[in-house]
Every structure is written in structure tokens, then in C-alpha cells.
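Q: how does the following fold in three dimensions:
(4 chains)
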Protein chains: 2
Amino acid sequence: MSVRRDPEGRRRTIVRAAMRVIAEVGRGQVTHRLIAARAEVPLGSTTYYFPTLDDLVVTAMREATEDARAQLEAWAEELMRSDDQVTTLVDLIAGYLADREQALLEYELYLAAARAPDLRPSAALWLDGLRGICSRLAGGYERGVALAALVDGALLQALVTGDPLDTEGLRAGVAGLVSPRTTAGST
Amino acid sequence: MSVRRDPEGRRRTIVRAAMRVIAEVGRGQVTHRLIAARAEVPLGSTTYYFPTLDDLVVTAMREATEDARAQLEAWAEELMRSDDQVTTLVDLIAGYLADREQALLEYELYLAAARAPDLRPSAALWLDGLRGICSRLAGGYERGVALAALVDGALLQALVTGDPLDTEGLRAGVAGLVSPRTTAGST
DNA sequence: CCTTCTCCTGTACGGTTGTACATGTACAGA
DNA sequence: TCTGTACATGTACAACCGTACAGGAGAAGG
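A: Reported below is the predicted structural model:
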């Protein structure tokens, strides 16, 4: 009954390794050999499961958005439970930046989508999720779009500068965009 | 009197070509040969003026921030002259996105700074400029930081999705963060 | 004219890359 | 047990890479 051969699992191992490598060295520096070493599988395995390196990279990036999407749902739940949504949102953003590598990976993917149209649907899916959450917070779609841009920009800037998140500035901005009713506590 | 030999000019030609290539294919895919072809100079020239490819890429990226910095000053002037700064800012952002390649190059640089510390000063310089402008608009540093994040996020998202800028959403957000006095017209 | 220096470039080389593939191995069905 | 099929991998190769460098070519000073 025990499966000595586990193609599905092995495939996933490779994809997860690819994600880690991309997060570390960036999309442009990824090679079959780096991924194989990280996954602790022979080089041949990486070419067996994916016809081309680009396929592997794209798969890894899609997987990364899947993760991000899941995390976003956790955000939504936490915000629903919270009675101080501004503080909660700021905390969530700060928490997101705690895993810098994961964040870097996602923004690498994000920007890659700007150049590679086949990655765009994944990126758009995440962005739609964020906008949905923000719209609920801001009490309106337009302000929600703006709030999502604010969150996105704050994350990007924190990553780029390497400085810790400017929570006061962020809080001021979020408070300015969240609808007063939401700030007060009730829906 | 005519200078057949023009080392300075040739060097600049190579750097500008490098900028274009980076904008097109991304930082990770840049090669000496691509740059040489784009600049219409022999391969040897690209290695003559720059000891290593990385030096060339870094130089090109610094040059790009220099351009961005100059553009930012133009923004500041235009905003000073304007009597409807919200509209002007939205228009400036839309105008920035008109040259998609240039914008892509800058955001590539931006994200590259997240991984390469030696690029961070350039990126930080630009961000400080943006924050300065935004602080003047928002009437306070904290709100200015938030407004800068909003602008940055809006640009990034427009680049990533490939969709045209959501001007209504952006306008709503900017209006919410710009100080009422500034919105009305006076300082 | 010659010398000298900087600019310039074609060619070459060692190293790394993506990918192909022959060979082997474990498992399922007969 | 035998056989076929999917899984697995070590090795090989052509292509491309960054970089080095010998040597040509023009300008400047004598």
C-alpha cells in the first residue's frame, strides 16, 4: 500500500523548491540546477516533470499566488472578526512583511506579470481579492480601489527601502480612506 | 575640430541602450550581446567601457533613477502651478503610464533595489522626492507618506494588470488624503 | 615624418546553461 | 512469473554566456 513512487509529491517538491529559489535569487537567475539542488532531486527530474524551465517557473509563480490568495482570505476573516479594523489592517501588513522572502517572491511575480501576459490572470486574481477586502472596509468600490493601491504601495516601498514599515503614515492613510462607520466599529 | 572619437558619447550610447534592453527583457535577461546589438556597437565596446556586466547594469539603473528624479521635479513644478492639484496629480500619473516601457524599467529597478542594497540609495532618493511632493500636497508628513504609497501602488497595479488607470478610484483616494485646504485651492 | 597614447573591435576561451535521451528501475496487470 | 508502462536519472551536447586580449586605427606632440 505504501507508495514508494510518488510522482505527484515529487512534482510538488520541485515546485516548492523553485519557489524558494526564485524568492532567493530572483526570477532571472533561476536555473534547473539550482532548483534541483534545493529540492534534493537529480537534474533530470526537473526536466522530466516540466517540458521547459519557463513552464516550471510559471507553475511556481502560480502556486505562489495560490498561497497569497489563501493568505488574503485569512486577512478577510481576521478583519471581519476585528472591532478596530484600521489597527488590524496595519498589523496584518506588518505581519506580511515579517516573511520578507515570501513577500519578495510575490512582488517578483507581480512585476513579472507586467511583462508576461500569461501570469496576469494570477496577479489579477490576487488584486481582485485585495480590492474586495478593501472595498468592504472603505465602504465603496472606488475608495476600495484606492485603499488597495495604498496597501500595495506601502508593501512595495517597505520591501524596496528595507526600512521597517512606517506604521504611523500607513495608519493615517488607511484611516483617511476607511469609511467613518467602519472606523467606529459597526458595519 | 570635429571629434571622430567620442568616448563620452559612446559610453552614453551604451548606457541608454542598456536601459532600453532592461526595460524590454528585464534585468535578469540582459546580456552584453543584446546591449551591443541595440546600441549598434561591437561587443568589445560594451566590455571596454565597463569592467563587468553588472557595472553596466547598475550604471544604467542609476541613470534611470536620475531621469525619474528629473521627471519628479517637473511634477512638483506642475503641481505648484496648478489650482486643482488632485486633478493634476491624477493626470500626471496617467501621463507617466503613457510611456509604459520607461515605467516598467523604473519599477524593475525599484524591485531590484529590494534585493541589491547598492541600488537602494537611488531608489530611496526617488521615493524621498515623491514623499516630499506628497507631503506638501497632503499637508503633513504622515499623510504624505500614505499618499506616496497610494501613488506608488496605483502605478504598480496599472502596470501589472495592463488595464488603464482607474482614475475614479485614484481620484477618490487622492482626494481623501489631500488636505482640504489644498483641495480648495490655496496653500 | 615618427612616436606614443588612447580608443576601438574581432576573435577566442572556459564555464554554465537548457534540454535530449539512453538506460535503468519499480510497479500493475496478465 | 513475465511483460508493459510510467517513473527516474546520469550523461552528453550544442548554444550561449561573460570576459580577456592581441592588435588595428586615429589623434596629439614632436
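Q: show me where chain A dips below the pLDDT cut-off.
A: For chain A, the stretches with pLDDT under 70 are A:1-4, A:180-187.
Q: could you pull out the helices in it for me?
A: For chain A, the helices defined by DSSP state H occupy A:7-25, A:32-39, A:43-49, A:53-81, A:85-98, A:100-115, A:120-138, A:141-161, A:167-177, A:180-184.
Q: helices or strands up against the fourth one?
A: For helix A:53-81, the packing partners by 3 or more Cβ pairs under 8 Å, 6 or more residues apart in numbering or on different chains; DSSP states H and E come out as helix A:7-25, helix A:32-39, helix A:85-98, helix A:100-115, helix A:120-138. The way it works is simple: take the backbone N, C-alpha and C, and place the C-beta from them, glycine included.
Q: check contacts around A:Ser179.
A: The contact partners of A:Ser179, by Cβ atoms under 8 Å, 6 or more residues apart in numbering or on different chains, come to A:137-140, A:143.
Q: what about chain B: which of those touch it?
A: Counting by Cβ under 8 Å from any Cβ of the partner chain, A:140, A:143 from those sit close to chain B.
Q: re earlier: how about the helices and strands packed on helix A:53-81 in CSV, adding distance to DNA strand C?
A: Converted to CSV, those look like this (distance: least, Cβ to the nearest atom of the strand, whole Å):
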stretch, distance to DNA strand C
helix A:7-25, 10
helix A:32-39, 4
helix A:85-98, 30
helix A:100-115, 15
helix A:120-138, 21
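Q: mind putting the ones you listed into CSV with mean neighbour count and distance to B:Leu119?
A: Converted to CSV, the helices and strands packed on helix A:53-81 look like this (neighbours: other Cβ atoms under 10 Å in any protein chain shown; distance: least, Cβ to Cβ, whole Å):
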stretch, mean neighbour count, distance to B:Leu119
helix A:7-25, 18, 16
helix A:32-39, 18, 22
helix A:85-98, 17, 19
helix A:100-115, 21, 14
helix A:120-138, 20, 23
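Q: I figured A:Met160 was touching B:Ser122, is that so?
A: Residue A:160: Val, not Met. No: counting by Cβ atoms under 8 Å, no contact exists between A:Val160 and B:Ser122, whose distance comes to 10.5 Å.
Q: report how many residues lie close to A:Leu150.
A: Residues near A:Leu150, counting by other Cβ atoms under 10 Å in any protein chain shown, number 30.
Q: contacts only, for the nearest residue to it once chain neighbours are set aside.
A: Spatial nearest neighbour of A:Leu150, excluding adjacent residues (Cβ to Cβ, 6 or more residues apart in numbering or on different chains): B:Leu150 at 4.4 Å. Applying Cβ under 8 Å, 6+ apart to B:Leu150 gives the contacts A:146, A:149-150, A:153, A:173, B:170, B:173-174, B:177.
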